[in-house]
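Visitor: I'll drop the sequence and a predicted model, then ask my questions.
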Amino acid sequence: MKIIVFGGNGTLGKELQKINPALICPTSEEVNIHDEFRINHFIETHHPDIVINAAAIIDNRVLENQPAKSIQTNIIGAANIANVCIEHNIRLVYISTDYIYKGDRGNYLESDEILPFNFYAWTKLGGECSAHGVKNYLIIRCSFGKSDFSYPQAFIDKWSSKDYVDIIAPMIYEATVSPLTGVLNIGTDRKTLFNYAKQRNENVKGVKLADTNFFTPYDTSLNLQRWFNYKASNPIAKPHTHCRACGSESMVKYLDLGLMPLANNLEQTSLRAKEVERFPLQVMFCKDCGLSQLSVIIDPEKMYSYYTYRSGINSGYITHCKEMARQLLGRYQKPESFFHIDIAGNDGTLLKCFKQIASYDYSCLNVDPASNLAAIAEHDGIPSLVDFWGLDTASTISITYNEADLITATNVFAHVDNITDFLMGAIMALRDEGVLVIECPYIIDFIENFEFDTVYFEHLSYMSVLPIKNLCDKVGLKLISVERQTIHGGTIRMTITPKVSTHNTEKSVEEFCNKELSGGYNLISTYQQWSTDVKTAIQTFHNSLLDMKKSGYKIAGYGASAKGNTLLNSAGINTDIVDYIIDSTPEKIGKFSPGTGIPIKHPQELLKAEPDFLLILAWNFKDTLMDNARKLGFKGKFIIPIPTFEII
């Protein structure tokens, strides 16, 4: 992770360099932050993932005697840095001060009222204002001193969460590389300045505020609960720093969609939906094996313990499942002792299709972490285990049930963090001649069809064949075939067996690997150029909808999908432009789309408040959705946003 620190020669900057000597810290001669052009040139030269703005005038004498100079650095300089971060979509960490708060009571929350105590704090507030314009920003409010206390006296009645720079700097660095966004208080326990000083200067004398001429706040201590929560054993979001396929640290960010809510966490009110917590949504490329993956991992319990997507609602997916069943049962079924495990089988739709196609009593098991969906599957006669798939779960299944002849995993492998454990679980649960069939979105379709909206926190990886083949070889499996599928805008079906099996490897594996190499899908430059085009497409989408709305047209959406949520949030579309979204999923109707606050309604709403345009958000099922809308009586036009903005 490449980080630039402006103000790197200051007290904090020098301490941060001890933590990470690779930090890029330009001097004021190299980059004058008063000059936005020079900042931009430096950023374009180094391509950082993160910028830390620790540059500021803090000397009160300079601040009071040369206010224009202070404004130039602390406000205008901060705005220049923020502007460049906005232009290049770079995470900005802005170092602010606890003097932002009034300082008359202490225990300040990040959300508490602010009333800067002095001119320095007012200038820092100006810097904070510009930081808010950056999509992925973190404002750190804190107070620190040099690593020693050289003054003879310290206040016994002035309270703070201040600490020495060697104590605070590691916290700032950890917060910098974390997924945390917004405003964050950092510090240590509330203490008097005398107690703070006493830690490193035993000879310091105590003095009261009333006995001096200092004009300073009484108590700027900080409530640190948000920081403590992150530091707890299981924070909701964690940074991802090592490739999950090969373990490499050589990963480069190529797509940044800004701060994004969890796509399927729907809310009960529009206001709550707009105020949901957001996290950085970024895609990185592993330079060693070529796997694309998110920079942030969200706790899977948060996303999957209650899930609102139901496979059985989607007629297009049901058709796909039936055809899959015919193909796989034709190749691999052994009626006398066949056992089939479906990983993340949702409401049991896939297994129901297999049971319908099979000509015998079909033994199967659905393994899914969502208890609400497993209950539906059980009700429909599909045995289900509520759990995440992995080596431990596979071990339990191999003891309780038979070894599997077939394991299917549709639209789940890309959702898994520990894919090595996932595959090892398959080895544990499969017979020697058994097969694991994985279906997941394919990186070539992702790039060629401009499917940037399929980036959301459930999709941890964007799969290509080369890194998966290498991983299979490493863990004792062999990839024996790769097939293209049209479902979900472009999918690959990978068939994998234990290395000891007698199944032969088909030519398709080599053909897919060669196509990825010849197309440059093992090169970061391919993805960087694509990311530039994505930025243009998002702006085009936003402008087109805005122009239509300004012309008086009514716009509604169809399909409260995760991909639709990414599209709307990345383009800044909300209830000002899209009136509502229709969806037939019972768990979604009556709720509100996260981030945008757009209401989700029953398809019959089209008859009550028919729009002029219907935006197809689940564009991968556009033909089905458009046909459904026409059957409902919709007479308007359709907007297809991906791969290019199109009106039908």
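Guide: Structure received. Numbers count the residues shown, from 1 in each chain.
Visitor: gap between the residue nearest to the spatial centre of the chain and residue 245?
Guide: Geometric centre of the chain, nearest residue: residue 281, 3.5 Å, by CA atoms, centre = their mean. Going from residue 281 to residue 245 by CB to CB, to the nearest Å gives 20 Å. The way it works is simple: take the backbone N, C-alpha and C, and place the C-beta from them, glycine included.
Visitor: residue contacts, the residue lying closest to residue 290 once chain neighbours are set aside?
Guide: The shortest distance from residue 290 to any non-neighbouring residue, by CB to CB, 6 or more residues apart in numbering, is to residue 522 (4.5 Å). Contact analysis of residue 522 by CB atoms under 8 Å, 6 or more residues apart in numbering lists 290, 466, 516.
Visitor: and if we set it to 10 Å?
Guide: Contacts for residue 522 (CB atoms under 10 Å, 6 or more residues apart in numbering) come out as 285-290, 464, 466-467, 513, 516.
Visitor: so what's residue 556 up against?
Guide: Residues near residue 556 by CB under 10 Å, 6+ apart: 578-582, 598, 601, 605-606, 609-615, 629, 634, 636, 639.
Visitor: quick check, it in a strand?
Guide: Yes - Residue 556: assigned to a strand according to DSSP: H, G, I helix; E, B strand; the rest coil.
Visitor: re earlier: just checking, which of the contacts of residue 522 belong to helices?
Guide: Judged by DSSP state H, the subset of the contacts of residue 522 located in helices is 466-467, 513, 516.
Visitor: buried subset of the contacts of residue 556?
Guide: Using 16 or more other CB atoms under 10 Å as the burial test, the contacts of residue 556 include 578-582, 598, 601, 605-606, 611, 613-615, 629, 634, 636, 639 as buried.
Visitor: now neighbour count, pLDDT and distance to residue 420 too, for the contacts of residue 522, in TSV please.
Guide: Shown next, in TSV, are the contacts of residue 522 (neighbours: other CB atoms under 10 Å; pLDDT from 0 to 100; distance: CB to CB, whole Å):
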residue	neighbour count	pLDDT	distance to residue 420
285	25	97	19
286	24	97	14
287	15	95	20
288	16	96	15
289	20	96	13
290	23	96	17
464	24	96	17
466	20	97	16
467	25	97	12
513	18	97	20
516	19	96	21
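Visitor: ok, these vs residue 80, which is closest?
Guide: residue 285 (29.5 Å; CB to CB).
Visitor: do you know how far the residue nearest to residue 290 is from residue 466?
Guide: Noted for residue 522: a distance of 7 Å to residue 466, by CB to CB.
Visitor: thinking again about what came up before, tell me the pLDDT of the residue nearest to residue 290.
Guide: Listed pLDDT for residue 522 reads 95.
Visitor: report the separation between it and residue 514.
Guide: 11 Å.
Visitor: try residue 425
Guide: 30 Å.
Visitor: more neighbours, the two?
Guide: residue 425 (26 against 12; other CB atoms under 10 Å).
Visitor: and residue 254, which of the three is it?
Guide: Three-state call for residue 254 (three-state DSSP): strand.
Visitor: for the remainder of this discussion, apply numbering that starts at 3.
Guide: Okay, using 3 as the starting number, the last item reads as residue 256.
Visitor: which residues touch it?
Guide: Contacts of residue 256 by CB under 10 Å, 6+ apart are 284-287, 294, 526-534, 536.
Visitor: give me the subset of the residues you listed lying in helices.
Guide: Using DSSP H, the members of the contacts of residue 256 that fall in helices are 526-534, 536.
Visitor: from these, list the buried ones, please.
Guide: Neighbour-count burial (16+ other CB under 10 Å) applied to the ones in helices among the contacts of residue 256 gives 526, 528-529, 532-533, 536.
Visitor: so which of the contacts of residue 524 is the closest to residue 317?
Guide: residue 466 (29.8 Å).
Visitor: grab the nearest non-local neighbour of that closest one.
Guide: Leaving aside its chain neighbours, residue 466 sits nearest to residue 445 (4.2 Å; criterion: CB to CB, 6+ apart).
Visitor: test my guess that the one you found contacts residue 461.
Guide: No - between residue 445 and residue 461 no contact is recorded; they are 11.7 Å apart, counting by CB atoms under 10 Å.
Visitor: list residues touching both of those two?
Guide: Going by CB under 10 Å, 6+ apart, residues that sit against residue 445 and also against residue 461 are residue 294.
Visitor: the two - which one has more neighbours?
Guide: Neighbours per residue (other CB under 10 Å) separate residue 445 from residue 461, with residue 445 holding more: 26 against 23.
Visitor: kindly reformat the ones in helices among the contacts of residue 256 as JSON lines containing distance to residue 174.
Guide: Output for the ones in helices among the contacts of residue 256, formatted as JSON lines (distance: CB to CB, whole Å):
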{"residue": "526", "distance to residue 174": "29"}
{"residue": "527", "distance to residue 174": "33"}
{"residue": "528", "distance to residue 174": "35"}
{"residue": "529", "distance to residue 174": "30"}
{"residue": "530", "distance to residue 174": "29"}
{"residue": "531", "distance to residue 174": "34"}
{"residue": "532", "distance to residue 174": "33"}
{"residue": "533", "distance to residue 174": "28"}
{"residue": "534", "distance to residue 174": "31"}
{"residue": "536", "distance to residue 174": "31"}
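Visitor: so which of those residues comes closest to residue 278?
Guide: Among the ones in helices among the contacts of residue 256, residue 536 lies closest to residue 278 (CB to CB), at 23.6 Å.
Visitor: please name the residues that touch that closest one.
Guide: Shown in contact with residue 536 (CB under 10 Å, 6+ apart): 256-259, 449, 452-455, 457, 572.
Visitor: rerun that using 6 Å as the cut-off
Guide: The contact partners of residue 536, taken as CB atoms under 6 Å, 6 or more residues apart in numbering, are residue 454.
Visitor: residue 328 too?
Guide: The neighbours of residue 328, taking CB under 6 Å, 6+ apart as the test, are residue 359.
Visitor: ok, residue 424 next?
Guide: Taking CB under 6 Å, 6+ apart as the criterion, residue 424 is in contact with residue 418.
Visitor: again, only using 7 Å
Guide: If a contact means CB atoms under 7 Å, 6 or more residues apart in numbering, then residue 424 has 391-392, 415, 418 as its contacts.
Visitor: and for residue 187?
Guide: By CB under 7 Å, 6+ apart, the residues touching residue 187 are 112, 143, 224-226, 228-229.
Visitor: 8 Å - rerun?
Guide: 100, 110-112, 142-144, 163, 224-226, 228-229.
Visitor: which of those residues fall in strands?
Guide: Among those, DSSP state E puts 142-144 in strands.
Visitor: as a markdown table, those with pLDDT would be great.
Guide: As requested, those are exported to a markdown table (pLDDT from 0 to 100):
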| residue | pLDDT |
| --- | --- |
| 142 | 98 |
| 143 | 98 |
| 144 | 97 |
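Visitor: which among those gets closest to residue 500?
Guide: Residue 500 has its nearest neighbour among the ones in strands among the contacts of residue 187 in residue 142, at 50.2 Å by CB to CB.
Visitor: can you get me a residue count around that closest one?
Guide: Neighbour count of residue 142, defined by other CB under 10 Å: 23.
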